[in-house]
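> just coords:
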């Protein structure tokens, strides 16, 4: 094995940098045998990619309770959020725009209240009690959502007050615990074991993604279970998240005896705001007095608040700059739960075998599934291939590419919407022409004679349209008895249906215009009109559902009264007739009750034609690429979450920057260059890749990576200073 050593001294302080290659190779070999043994004795096989038989064996028992709590809480949150927009539009009868606004206000509050949770956790309340108290509020909000979704609980039609109260409680609860759970778990780990911390955060984020799979379950419960006489069961769909949040609280409390609970000595958020305010005020006073002090403007309050605390605030400034574009990314990301779900409702859902139909609100789960599938693909194929091409794909570059692809995803979504808008095809006549069809409700054929139509025989049922010249239409109908004449004017481009019925042995012809253009549009609802051929009033109802149409003798209802959600129904007439049928979103149907008390059906407009690509619409492909390219933001957030005092680092253009302060420099042939500002720049060999950077509690910085398929470890002794 090879080794490499360089030393730098300032006074009596000595720092050592060692480069260790685990396998024989062509890298330079310098330094002492002691430095090699020191690096290897640090457990480099474990820290720098070595094999660990059971990485979870070193976790404290409390970690299981915390990650279990996160799994149940995320299941509750994502499961409830998945069906929220559909609940707004279908149950509370909100418009698409109202539902979008309500959804995003809820998401906004869920993140704004995280500031409240963080402030409480940093106060004398502590993280444990903050999670517990806000979790109780969280569970109560879920119970309110489930209880007020029961038909009649908030009146008829249902009022939105119960939903608003429930969402406010959930937003306060989830925001309150959001900043606490992950850091509370990190508090349970021994200080300085960065490898264990990294494994913990990987496990924690896995639990988040596993919990988000509830976006498959709750939409199926909503759509496939009928309860309280309704075709959809919102009480059950909201009830499952309520149960899971209760389980999360029980799991969290069960680990109380195993937790390491730390009560902060000061409120970091409040003190940070005070330090920034004091620094700004002092800077302004000096500027007004004509003073122009050198250095960072925060250095003026270093004596009051401590140099290490001010260094943390400086790091915070740089982190804020890095994350400034991310609100735009997440603004688009959360459109999955609103506009993309509404867009999916205007598509034709496909079957998934025994699982049933793919539901519009399951579209969000498609993104989660694809991301989980792409994680190993990116880590094993894409990123190594990019590195092999000599491209340094840094985290900031990944975030940039991800945001570009996010914009591409919405361009694709726009084209999908154009396809949806063009997908509605309804019958129509050219100018100067009309179309006529016949609905024969008799048990025998009826002969039709007309100068414009000619002679034809109409069998029982609803025929297709026949094109005729617009103008006066004269028809004579016979079926074995006395002929019946009909004279009507057909308007240009209009469509008409002639319903044929028999009352007391006398043939009746009912002329009815078909107004499709006002109702044929992409939608999650179908519409139907009902013709009653009997000489009495007949009511048509749906089961499940609350559709009710009443048609007088020899009359037809309007499409505007026959709106019903897509799904499977049984339609029953008060005369005793019944029929089972599947209603397609955006489709128009004509139902006619014949003299044998049977219901005839004709689908006038096909409905939604654009089918989502399994398991998601086409725009999910660039969207998932965007999310994966930007997933490094989680890693950046994890590093920021673990900042302790002065322990930090900067990874920029394949270099690790560690500020040491002014000092004498020795060993400049050690593969790096130290400039006059005291910044040691560690250059990678060509083709090398930095895998991870570890900052131990003893002030030891370790950089692990690969070069020519061999591992190397860079070890720097001494406290590094936070730089971004």
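Noted; the coordinates are in hand. Here the structure is a predicted model, which is why all the values come from computation and not from measurement. Numbering: from 1, shown residues only.

> Could I get the buried residue list for stretch 84-97?
Going by neighbour count (16 or more other C-beta atoms under 10 Å), the buried part of stretch 84-97 is 84, 85, 86, 87, 88, 89, 90, 91, 92, 94, 96. The way it works is simple: take the backbone N, C-alpha and C, and place the C-beta from them, glycine included.

> Report the two of these separated the most.
91 and 96 (14.4 Å; C-beta to C-beta).

> could you dump the buried residues of stretch 84-97 to JSON lines with distance to residue 202 and secondary structure?
Converted to JSON lines, the buried residues of stretch 84-97 look like this (distance: C-beta to C-beta, whole Å; DSSP: H, G, I helix; E, B strand; the rest coil):
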{"residue": "84", "distance to residue 202": "30", "secondary structure": "helix"}
{"residue": "85", "distance to residue 202": "32", "secondary structure": "helix"}
{"residue": "86", "distance to residue 202": "33", "secondary structure": "helix"}
{"residue": "87", "distance to residue 202": "34", "secondary structure": "helix"}
{"residue": "88", "distance to residue 202": "36", "secondary structure": "helix"}
{"residue": "89", "distance to residue 202": "38", "secondary structure": "helix"}
{"residue": "90", "distance to residue 202": "39", "secondary structure": "helix"}
{"residue": "91", "distance to residue 202": "39", "secondary structure": "helix"}
{"residue": "92", "distance to residue 202": "40", "secondary structure": "coil"}
{"residue": "94", "distance to residue 202": "40", "secondary structure": "coil"}
{"residue": "96", "distance to residue 202": "39", "secondary structure": "helix"}
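
> would you turn those into JSON lines with distance to residue 421 and pLDDT?
What follows is those, written out as JSON lines (distance: C-beta to C-beta, whole Å; pLDDT from 0 to 100):
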{"residue": "84", "distance to residue 421": "25", "pLDDT": "95"}
{"residue": "85", "distance to residue 421": "20", "pLDDT": "93"}
{"residue": "86", "distance to residue 421": "21", "pLDDT": "92"}
{"residue": "87", "distance to residue 421": "25", "pLDDT": "94"}
{"residue": "88", "distance to residue 421": "22", "pLDDT": "94"}
{"residue": "89", "distance to residue 421": "19", "pLDDT": "91"}
{"residue": "90", "distance to residue 421": "21", "pLDDT": "88"}
{"residue": "91", "distance to residue 421": "26", "pLDDT": "91"}
{"residue": "92", "distance to residue 421": "26", "pLDDT": "92"}
{"residue": "94", "distance to residue 421": "22", "pLDDT": "92"}
{"residue": "96", "distance to residue 421": "14", "pLDDT": "90"}
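
> Show me which of those is closest to residue 318.
For the buried residues of stretch 84-97, the nearest to residue 318 is residue 84 (36.1 Å; C-beta to C-beta).

> so how far is residue 609 from that closest one?
Distance, residue 84 to residue 609, by C-beta to C-beta, to the nearest Å: 27 Å.

> in the stretch 501-650 of the chain, which spans are strands?
Taking DSSP state E, counting those that start in this stretch as the test, the strands found in the stretch 501-650 of the chain are 506-513, 525-532, 538-543, 548-551, 555-556, 563-565, 567-573, 578-583, 588-593, 599-605, 650-652.

> Out of those strands, which gets nearest to residue 269?
Proximity to residue 269 (C-beta to C-beta) singles out strand 650-652 among the strands of the stretch 501-650 of the chain, at 24.4 Å.

> which among the buried residues of stretch 84-97 gets closest to residue 154?
Closest to residue 154, out of all of the buried residues of stretch 84-97 and judged by C-beta to C-beta, is residue 92, at 9.3 Å.

> residue contacts, that closest one?
Listed by C-beta atoms under 8 Å, 6 or more residues apart in numbering, the contact set of residue 92 reads 158, 160, 163.

> rerun that using 10 Å as the cut-off
98, 99, 102, 149, 154, 157, 158, 159, 160, 162, 163, 234 (C-beta atoms under 10 Å, 6 or more residues apart in numbering).

> Check residue 503 too.
533, 534, 535, 553, 554, 595.

> Give me the buried subset of those.
The neighbour-count test (16+ other C-beta under 10 Å) applied to those identifies 533, 534, 554 as buried.

> Turn these into JSON lines, including pLDDT.
Shown next, in JSON lines, are those (pLDDT from 0 to 100):
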{"residue": "533", "pLDDT": "90"}
{"residue": "534", "pLDDT": "90"}
{"residue": "554", "pLDDT": "90"}
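
> Regarding the most far-flung residue of the chain relative to its centre, what is its secondary structure?
For the chain, the residue at maximal distance from the C-alpha centroid (C-alpha atoms, centre = their mean) is residue 482, at 66.7 Å. Under the three-state scheme (DSSP: H, G, I helix; E, B strand; the rest coil), residue 482 adopts coil.
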